[in-house]
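>>> Starting from these lines, generate the structure:
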Amino acid sequence: MGADIEGHPDNVAPAIYGGCTVGVRNGTDNWIVDQVNIPEELCAVIFVPEVRQYA
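Model prediction:
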């Protein structure tokens, strides 16, 4: 229901389940979500540009 309202399961699923998740809509308009196991030795790199871009 949250993904139908918000429109993006990639935003709703992590809020509900936590961690890294993947969400897709199946052929019957239901959302399927699953958690992705991330190895502990993997680290994230975040890049924040000085110029704002709108997507």
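
>>> drop to CA atoms for contacts and neighbour counts, all remaining ones
OK.

>>> center of the chain - which residue?
By C-alpha atoms, centre = their mean, the mean C-alpha position of the chain lies nearest to Asp10, the distance being 2.7 Å.

>>> host element of the closest residue in space to that residue that isn't next to it in sequence?
Once flanking residues are discounted, Asp10 sits nearest to Gly23: 5.9 Å by C-alpha to C-alpha, 6 or more residues apart in numbering. Using DSSP states H and E, Gly23 sits in strand 20-25.

>>> what do you get for Ile16?
Using DSSP H and E, Ile16 falls within helix 9-17.

>>> For that helix, buried residues please.
Buried positions in helix 9-17, judged by neighbour count with 16 or more other C-alpha atoms under 10 Å: 9-10, 12-14.

>>> what helices or strands is it leaning on?
Using 3 or more C-alpha pairs under 8 Å, 6 or more residues apart in numbering; DSSP states H and E, the elements in contact with helix 9-17 are helix 2-6, strand 20-25, strand 31-36.

>>> Quick check: which ranges of this protein have low pLDDT?
1-9 (pLDDT under 70).

>>> Please repeat the previous calculation with a cut-off of 80.
Along the chain, the parts satisfying pLDDT under 80 run over 1-12, 14-15, 25, 27-30, 55.

>>> Return the distance of the residue nearest to the centre of the chain relative to Asn37.
Per C-alpha to C-alpha, to the nearest Å, Asp10 is found 15 Å from Asn37.

>>> Check Ala15 too.
16 Å.

>>> One more: Gly18?
Here the criterion is C-alpha to C-alpha. By it, Gly18 lies 11 Å from Asn37.

>>> ok so, going back, just confirm the residue nearest to Asp10 contacts Ile32, I think it does.
Yes. Using C-alpha atoms under 8 Å, Gly23 is in contact with Ile32, at 5.6 Å.

>>> More neighbours: those two, which one.
Per other C-alpha atoms under 10 Å, whichever of Gly23 and Ile32 has more neighbours is Gly23, with 18 against 12.
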